[in-house]
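In: Sharing a sequence plus its predicted fold:
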Amino acid sequence: MKLLKISLFALLVTPILTNCDDFTEHTVEPIEVANVDFSKYVSIGNSLAAGFQSNALYPEGQIYSYPNLLAQQFRVDQFALPAIGNGYGDLVKVSDFSTYPDVGTTVETLTPGVTPTQPEGGYQNLGIPGAVLNDFRGTDRVPAFGSNIPYTSRFSAPYAFVLGATPTPIQEYFDNQNATFTSFWLGNNDILGYVTSGGLRPFTSPAAFQTEYAASIAAIMGQDSYIKGVVANIPGVTSIPFTTYVGPRAKANLTPVLTALNLTDIYVQSSLTPNVPAVAMPENKFPYMAVKVSNLDNVDSALVLLTAQSALGWIGASTANPNDNAKTTAILNYWRSYIVAATAATLTPVDAATAAGMDAATVAGTLKQITIAQYMQTFSVDQATASNELTARGFDFNFAQPFGLHPHNPFPSQFFLDKNEIAVANAVTTTFNTIISSVRSNYSSRLAFVDVNTIFAGIVAAGGIQQNGIGLAPAMGSLFSFDGVHPSNRGHGVITNFFIDAINNNFFNGDEVIKHVNISWIPTGLTVVNNPN
Amino acid sequence: MRFLLLGLGLLLVGSQQSKAGGFGLFEMSARVSGMLGAYAADGRDVSTIFFNPAGLAQLSGFNIQVGGVMIAPRTSFRGPYPSSVEETKMVPSEFVLPHVYASYQAAQNLTVGVGVYVPFGLGSKWERDWVWAGTATETRLQTAVIAPSLAYMLDMGDMGKLSIGGSYQIGLLSKATLEKVVTDMTQPTDGSYRLVRLEGEGKDTYTGYQVGFIYQPMDMLSVGFSYRSQLELNLVGDATFTNLPESQFIPGTQGDLQIITPANFTVGVSVRPNEKLTLNLDYVGWGWSSYDSLNIDFYDDYETDLLKDIKNPRHYDDVYQIRFGAEYIVNQSLTVRAGLGFDKNPVPDETLDPTLPDTDRLISSLGLTYNVTSNLGIHLYYTFIRGEERLVALPETNKHSGYYNTYANLFGAGLTFAF
């Protein structure tokens, strides 16, 4: 009996004494494979890598960035990213769900609450919104036309969040980390700025891109022979809702309006270009172009950009019609800002106050002068020649003509990619992608390759993609966030899975050493105003 | 040794109780929970109404027991597996559950009784910024039944005694609360959250029954069997939405929730080697496989693109408990108890989630009764539940994969009047 009591007592007391929180310590178990070391993963990239979504960088977007998802699947110990406080940028938010899934949106400017403090050893996600290829080595960016852009002049706030206040090249941070694995996805912004500005901003010279891409990859691969990684190419211009969302809607809205007026064309301001066969750029000496409304949904003829939505509402407005006052004011205000921007880097800049004081005739006159100056620069002719040649082509500015329906009051180029600009953007993208493939092929045993261009073209052609029972369309609020350029949370999940496929195919004969992300577990993460309707 | 055991019992405010796998409760007697509710073949306390109503037949005169238990569970999650071992602790919560039993010997060999107790209950709460806030931030289930009971003892002379009994359970309370964060939208910047909260109450009275027998072939030995039926809880819930668009989350949204609690049966044996010592062993089978899915069916008018019916497959397994209890009468005033049990959890890896992060449990208890007078006894007990660390390692099929650790402290107290 005594023995029974003693054993009973021991049995009872033992669990009481082990009344601790957790039984055992655990650590993340690394992926153990012979040929690739995932233990130190460092991501090099742009806004896509940073997790920029809906035109802003904010904490919930950062969490679902493809490098962060990859790091989780790689089971790395530490993957630090600059936690950006309240966020940065002009966040596009859903304001009205009453017509879901066509949602009303609004914009909220975010300001970073706390500038992130770099952890010991730096961030492993070196994704920087706005980064171009040359930012990796911190070299001059060579645009196809115009003068070089030094790294220090590109170094803005988002760079400082990741790299600190000093304009040190990304490569230095990368080299210091002794990475064992990297993802290198740069180059998108080398053409994207041209696309989103309707052809006003430059793209990187393909020859300079070739040199820089080769040098960047050589710098990474040369750092240590064990480094492996994955590179990705650049999606096509027409893969993003930013270029494709508005066109078909504009066609549907404008067709009855123009039919009633017995018109078939709208007139858009076009870029003056020299003939450069290397980038499919034809000579264009016409500062305006007629575009058939029936072609507004034809991605080879016209791409109406997401930014065009307000301006489309101004079609037909004229200073001759007093009822159009609000619209003509908006039109003039647009051109006043254009004048400020276009003259900013010239010898005779127009400041905002001066521009604001200009009446319609002065705005028209100034725009003519600017166009003549662009003609002189593009075709290396004197002012008289430029003026004569433009006049011979019927060029003038006159706001009494109906906006967008007459060559003298054209729809601004900034909101539109015309057929020449589309051809250029496509040619440059193809050239960049050829360069990326060819440089990568020199290191194919060490660098996996994600053909994002082909993948996204396929998704667009198929109208969507299905993963884990979730159907995602190449549209805003689905695969894409509300800026029409950057992927949504789940879009990042899809991209991550293509990266994982490329890695498994390249290094493991297609075995699923790295597992897919389950898309259905990623919250859609719609950006929503504080008190949505 | 005897004194040491007693001393420890006092120190820990010893009494007895436990907490069954799933959301079943069996800590429903201030006295019997000190021996872990191993009581199906014993039944000499009025709380036998809960464990095996057949035991009532052994009780003479009037008996009343009033008691309560405070349950303090603690759980942590580390994950999601395999990419993280970041720990989240469940918000500490304590639950106090009462019980009342009364019996009256109405005739020779016939005793009637009534009990009020909590057969099922559940509570878990997590911070609203935790990793699975989109699954659950608060889950509560409350029940209570009143159970009129009856037992009859058949004296078969040399063949021993056979008691049979039953009770009819009438639901007094059924409430459920479910809260989660809508993670498909960014949260407001002012630190508040977008919440869906459902508060459900029973829309009809649920009923169930329990039957059992105790066969005592000789003074020192008895065996018992008890069966408790399912309870069908039909709840209607009102949804409260915080920071959500009214066009998609319509104010006044209602929905139905049905929970069918499992039936169980208990087989027990009780041995009394002398007049001071009782040793009881119970085997309990729980029919948790009845709990196949937790569904919330919103009324059609309230279903929108963003608010759809919630379907949570559960696929619970049938499981068992083994409970061993001992009672020793030290003297006229003092009785001490102890218990040890194993509780197999019914939740498969595939459906384990933070609403009920169940694990296999080792349970131990200590308890005592101090008889103030021959009519009045004071009961105290303490139970410690140590859940085995559980790793759900299904990163491709269960997003809630990770390490779960659970333990619970239970303190119970009560009084018995007998006259």
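Out: Now that the structure is in, tell me what you want to look at.

In: Count the neighbours of the closest residue to A:Asn125 other than its chain neighbours for me.
Out: Counting by CB to CB, 6 or more residues apart in numbering or on different chains, A:Asn125 lies nearest to A:Leu81, which is 3.9 Å off, once chain neighbours are set aside. In short, each C-beta sits where N, CA and C put it, glycine included. Burial of A:Leu81, expressed as a neighbour count using other CB atoms under 10 Å in any protein chain shown, amounts to 25.

In: helix, strand or coil for A:Leu81?
Out: Following DSSP: H, G, I helix; E, B strand; the rest coil, A:Leu81 is assigned to coil.

In: for A:Phe242, same thing?
Out: On the basis of three-state DSSP, A:Phe242 is classed as helix.

In: now the helices for the stretch 401-533 of chain A?
Out: Taking DSSP state H, counting those that start in this stretch as the criterion, the stretch 401-533 of chain A carries its helices at A:419-441, A:452-462, A:489-508.

In: Contacts made by the shortest one with the rest, please.
Out: Here helix A:452-462 makes contact (CB atoms under 8 Å, 6 or more residues apart in numbering or on different chains) with A:232-236, A:238-239, A:244, A:429, A:433, A:465, A:474, A:479, A:495, A:498.

In: For the stretch 101-250 of chain A, which segments are assigned as strands?
Out: For the stretch 101-250 of chain A, applying DSSP state E, counting those that start in this stretch gives strands covering A:104-110, A:125-127, A:181-185, A:228-232.

In: now, of those, which is deepest in the fold?
Out: Among the strands of the stretch 101-250 of chain A, the stretch with the highest mean neighbour count (mean count of other CB atoms under 10 Å in any protein chain shown) is strand A:125-127, at a mean of 28.

In: Tell me the helices and strands packed up against that one.
Out: Here strand A:125-127 touches strand A:41-45, helix A:47-50, helix A:66-74, helix A:157-163, helix A:170-176, going by 3 or more CB pairs under 8 Å, 6 or more residues apart in numbering or on different chains; DSSP states H and E.

In: per-stretch mean pLDDT over those, give me the minimum one.
Out: Summarising mean pLDDT across the helices and strands packed on strand A:125-127, the least confident stretch is helix A:157-163, with a mean of 91.

In: With just CA atoms, put that one into CSV.
Out: Extracted in CSV, the C-alpha atoms of helix A:157-163 (Å, rounded to 0.1, in the frame of the first residue of the first chain):
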residue,chain,number,x,y,z
ALA,A,157,13.6,58.6,-50.6
PRO,A,158,12.8,55.0,-51.4
TYR,A,159,16.5,54.3,-51.9
ALA,A,160,17.4,55.8,-48.6
PHE,A,161,14.8,53.6,-46.8
VAL,A,162,16.7,50.5,-48.0
LEU,A,163,20.3,51.7,-48.3
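
In: for it, which positions count as buried?
Out: Across helix A:157-163, burial judged by 16 or more other CB atoms under 10 Å in any protein chain shown covers A:Pro158, A:Tyr159, A:Ala160, A:Phe161, A:Val162, A:Leu163.

In: if we take these, which one ends up nearest to chain B?
Out: In terms of CB to the nearest CB, no member of those lies closer to chain B than A:Phe161, at 18.5 Å.

In: In contact with that closest one, which residues?
Out: A:Phe161 makes contact with A:Pro82, A:Ile84, A:Tyr88, A:Pro112, A:Thr115, A:Pro116, A:Ile128 under the criterion CB under 8 Å, 6+ apart.

In: if you look at those, which of them are in helices?
Out: Using DSSP state H, no member of the contacts of A:Phe161 sits in helices.

In: Can I have the buried ones of those residues as a PyMOL selection?
Out: To isolate the buried subset of the contacts of A:Phe161 in PyMOL, counting by 16+ other CB under 10 Å, use the following:
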select buried, chain A and resi 82+84+88+112+116+128
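
In: could you dump the contacts of A:Phe161 to a markdown table with distance to B:Val96?
Out: Formatted as a markdown table, the entries for the contacts of A:Phe161 read as follows, by distance: CB to CB, whole Å:
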| residue | distance to B:Val96 |
| --- | --- |
| A:Pro82 | 47 |
| A:Ile84 | 45 |
| A:Tyr88 | 49 |
| A:Pro112 | 47 |
| A:Thr115 | 49 |
| A:Pro116 | 46 |
| A:Ile128 | 55 |
